[in-house]
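Asker: what's the 3D shape of this:
(2 chains)
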Protein chains: 2
Amino acid sequence: MPAPRYPFLDGRAARGPLTLAALPAILALALGVAATSVQAQSVADEYRDVAERLIQAATDNHFAYERLTELVDRFGPRVSGSAALERAIDWMLVEMEADGLDNPRGDPVLVPHWVRGQESLEMILPWPREMPMLGLGGSVATPDGGIRAEVLVVESFAELAERADEAHGRIVLFDVPFTTYGQTVQYRSRGAIEAAKVGAAASIIRSVTPYSQQTPHTGNSSYEEGVPRIPHAAITVEDAMMLHRMQDRGQRPELLLKMEAKTQPDALSRNVMAEIVGTEFPDEVVVLGGHIDSWDVGQGAMDDAGGVVAAWEAVRLMKELGLQPRRTVRVVGWTSEENGGPGGPDYAETHADEYHVLAMESDGGVFKPSGFGFTGSDAAFEIVREIGTLLEGIEAGTVTRGGGGADIAPLMATGVPGMGLSVDGTRYFWYHHTDADTIDKLDPDEVALCVATMAVMAYIVADLPETLPR
Amino acid sequence: MPAPRYPFLDGRAARGPLTLAALPAILALALGVAATSVQAQSVADEYRDVAERLIQAATDNHFAYERLTELVDRFGPRVSGSAALERAIDWMLVEMEADGLDNPRGDPVLVPHWVRGQESLEMILPWPREMPMLGLGGSVATPDGGIRAEVLVVESFAELAERADEAHGRIVLFDVPFTTYGQTVQYRSRGAIEAAKVGAAASIIRSVTPYSQQTPHTGNSSYEEGVPRIPHAAITVEDAMMLHRMQDRGQRPELLLKMEAKTQPDALSRNVMAEIVGTEFPDEVVVLGGHIDSWDVGQGAMDDAGGVVAAWEAVRLMKELGLQPRRTVRVVGWTSEENGGPGGPDYAETHADEYHVLAMESDGGVFKPSGFGFTGSDAAFEIVREIGTLLEGIEAGTVTRGGGGADIAPLMATGVPGMGLSVDGTRYFWYHHTDADTIDKLDPDEVALCVATMAVMAYIVADLPETLPR
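Answerer: Predicted coordinates:
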């Protein structure tokens, strides 16, 4: 008996019966709308069978989810500079070798090494409360004994400027509700700078998230030359709102902040990678991956071991199915993305002599995929959009304009077309950079769909008769 | 211009235009199905106007939500035996006096006084992790220096019995997924007893919740005469699942548990209450409320300050509207419900000489109400169901069979009809007994609807020409 098709797609990931028989009708519909050239139609026609094989293989089991679980359970969080990160990379190299992939290796990269140490935030007045908190990456420590001060709550940099004369010696709290990550994260990035400019003793932010269960979120932050470096930490949405209400009520809450954070000398890490060497154009590379480092809390399962493992599985499946494309397909786990580190730039520099056909990144969580965001020429967009139609059977065929990722940005800056996996982001920022970024937040079926989506796109682009145009 | 009707009911709480004009049609429909006697119809007819006034007054503003916010922000969590609980009660008495309610007073009650102290749980092997945890109410401390031991994960008491010979000297973890509270909570209640019987050094449970962001849940637990008392604590769903996977993988995770918990001598607390004395039958009482104590984390906003304040507001509104029913309506904040304490029984005993017509409790969160669960005679059920029809305009008119609450159970045991407010419980157990039970989890409009629901039911039952039959 043949294996069942998409055995676990039970109507959640697909609306109709998901057999190969359904694909022609879907494709005909899609192509009737989207196709603009005979050439594009023939790409879809030519690769329909192989796409089906890849999708079937990816969704046939939960191999990627199980490997991901093992990775995050074995090594835990993998912050830049930690032994856990390097042990995880060692393990990946062994596993990639066992997978039979070509050239498993780690390119050495010097990475920042920030260590949290012990830390706490206590409300002293009006009543005692230990507030869940996380120091922000790169922060300095408090003096021994901590900083005890009244809090000044503001809801924007503009309000801080208006109340600048109240800030001296106080702990400034930026109680900024989440709108978009891009808008709200500036208070994490620049909060300590702006607070220090008006004489604050320390800076704390409301965690950058739309939802919280007293969940503090960490993340990178920065200082500015010539501005005093003050401790910078995040508290929960709940506590930020409470302190704000207290201030509005005329109370003057007092906090005690203790942090031992320090930045150690840069450490040696690696961009970890393996590949299937292309049959015809081995020096032309389709690269796909995510970042193997994480923050130092939780498991970094969603951000971003999931992206690395799903891309890895996409390549492993090609190997398992005996699919060797014309060009090289390479999976990379970039290092130190979270610490604004040099993993991405280092890769672009080290591999500058190779011709990168396409760079693909997954760093938005391996939730249910919908397709890709793509940055590149119109001609290339037409082609990847046509390839996308082969993913409509799993509802992951939508390729939109605009997309990339932090680790492939340096490659994209040199003209390489880039694409980011698009997924259901509903809960991404609930877990991002928190202790709750753990494997249980991911769904094995959805992870498998991410694998299928990346596998089909990467394989076909790597195997096209002609190089993806720039 | 007349005030707008239900100004903030924007289609979420009500499907159609919510004016008084819509009520007759709704009622006709409801009564056509439900009414079995002319008497019942006349109850709805007679009280339609006053119900409308109460609903309008309750939903006209966010007074209850604001009072609730002030209570939980001012005093924080209010665990049995704490100064915070007594200060909150003092404040309520002052406020009830200011509201013009009759006889604000506190009945003295001796309550358990368990103090958490410092506590921590660390995974030592296979890699270091500080696990979020909460000691369970009533637990003993660990010895100084803590208990360091291998963990034994089981998923039921039955599995523990099968693996009894592996438990000696180990920390037993009950990794039991949430099904219903009633089913799952037995591992919190009896986990330490069952683990001690097979020689475990300590007992930890997976927190009793269907959803977690590394959120530990506390709650009451118990020991058994003749069985050693071992420390008993809760860890998060995420960590319980991880330890379980590690064990399944053949690893032997090792934990270090430190707890300073101790039980101090019983402390003096109060059941806090106030009322509107009935015009005709002052010794006949409709009592409504919730419990004013909480656990010692978060704010106890949902569990159960919300219930107390919503009931209080229901009575305050009657006063404000000049509605003095024939019988006495009394709001009570029972004390020490969480610690299985004597607030409820003490009330029943102290007030045994009064005739309680109905006891109503809200202890499921003040989320969007749907009506009540009712326990009492068929004749009484018919009447309260008819009164419920007056709440259909706010979709809170469903009265079902069966309902009550822990604090009114001792009254109900003496034959008093009981009812519990029914609400949307979707997220109740996400926050229950956690640091995340904070005011921001509640919606001001939904709190107001709870007020309206309780006000209409309590007022009408207290004002009926005849006492609710038993």
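Asker: A:Phe429: what's its closest spatial neighbour, skipping adjacent residues?
Answerer: Once flanking residues are discounted, A:Phe429 sits nearest to A:Thr209: 5.1 Å by C-beta to C-beta, 6 or more residues apart in numbering or on different chains. In short, each C-beta sits where N, CA and C put it, glycine included.
Asker: again, but for A:Gly403
Answerer: A:Gly373 (2.1 Å).
Asker: Is it correct that that neighbour is in contact with A:Thr398?
Answerer: No - using C-beta atoms under 8 Å, A:Gly373 makes no contact with A:Thr398, being 9.4 Å away.
Asker: which neighbours do these two share?
Answerer: By C-beta atoms under 8 Å, 6 or more residues apart in numbering or on different chains, A:Gly373 and A:Thr398 have these common neighbours: A:Ser422.
Asker: Quick check on those two: which one has the bigger neighbour count.
Answerer: A:Gly373 (19 against 16; other C-beta atoms under 10 Å in any protein chain shown).
Asker: what bridges to that one?
Answerer: The partner list for A:Gly373 in beta bridges (DSSP bridges) reads A:Thr400, A:Gly420.
Asker: Next, count neighbours for the residue nearest to A:Met133 when sequence neighbours are not counted.
Answerer: Of all residues not flanking A:Met133 in the chain, A:Leu121 sits nearest, at 4.2 Å (C-beta to C-beta, 6+ apart). Taking other C-beta under 10 Å as the criterion, the count of residues near A:Leu121 is 26.
Asker: gap between A:Leu121 and B:Ala84?
Answerer: Between A:Leu121 and B:Ala84 the distance, using C-beta to C-beta, to the nearest Å, works out to 20 Å.
Asker: Test my guess that A:Val366 contacts A:Pro444.
Answerer: No - here A:Val366 lies out of contact with A:Pro444, judged by C-beta under 8 Å, at a distance of 10.1 Å.
Asker: the more surrounded of these two?
Answerer: Higher neighbour count among A:Val366 and A:Pro444: A:Val366, with 33 against 17, using other C-beta under 10 Å.
Asker: Give the full set of residues in contact with the residue lying farthest from the centre of chain A.
Answerer: Centroid-distance maximum for chain A: A:Gly250 at 41.4 Å, with C-alpha atoms, centre = their mean. Applying C-beta under 8 Å, 6+ apart to A:Gly250 gives no contacts.
Asker: three-state assignment of it?
Answerer: With DSSP: H, G, I helix; E, B strand; the rest coil as the basis, A:Gly250 sits in coil.
Asker: Excluding chain neighbours, what is closest to A:Arg252?
Answerer: A:Arg252 sits nearest to A:Glu150 (C-beta to C-beta, 6+ apart), 5.1 Å away.
Asker: ok so that neighbour is a helix residue?
Answerer: No - applying three-state DSSP, one finds A:Glu150 to be strand, outside a helix.
Asker: shouldn't it be in contact with A:Gln247?
Answerer: No - contact criterion C-beta under 8 Å: A:Glu150 and A:Gln247 do not qualify, at 9.5 Å.
Asker: give me phi/psi at the residue farthest from the centre of chain A?
Answerer: The phi and psi torsions at A:Gly250 (degrees, to the nearest 10) take the values phi 90, psi 0.
Asker: and what of A:Ala301?
Answerer: Main-chain dihedrals, A:Ala301, degrees, to the nearest 10: phi -80, psi -50.
Asker: Which residues are in contact with it?
Answerer: By C-beta under 8 Å, 6+ apart, the contact set of A:Ala301 is A:Leu68, A:Val72, A:Asp437, A:Thr438, A:Ile439, A:Lys441, A:Leu442.
Asker: Identify those among these that sit within helices.
Answerer: Secondary structure defined by DSSP state H assigns A:Leu68, A:Val72 of these to helices.
Asker: So how do I select the buried members of the contacts of A:Ala301 in ChimeraX?
Answerer: In ChimeraX syntax, the buried subset of the contacts of A:Ala301 is picked out as below (16 or more other C-beta atoms under 10 Å in any protein chain shown):
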select /A:68,72,437,438,439,441,442
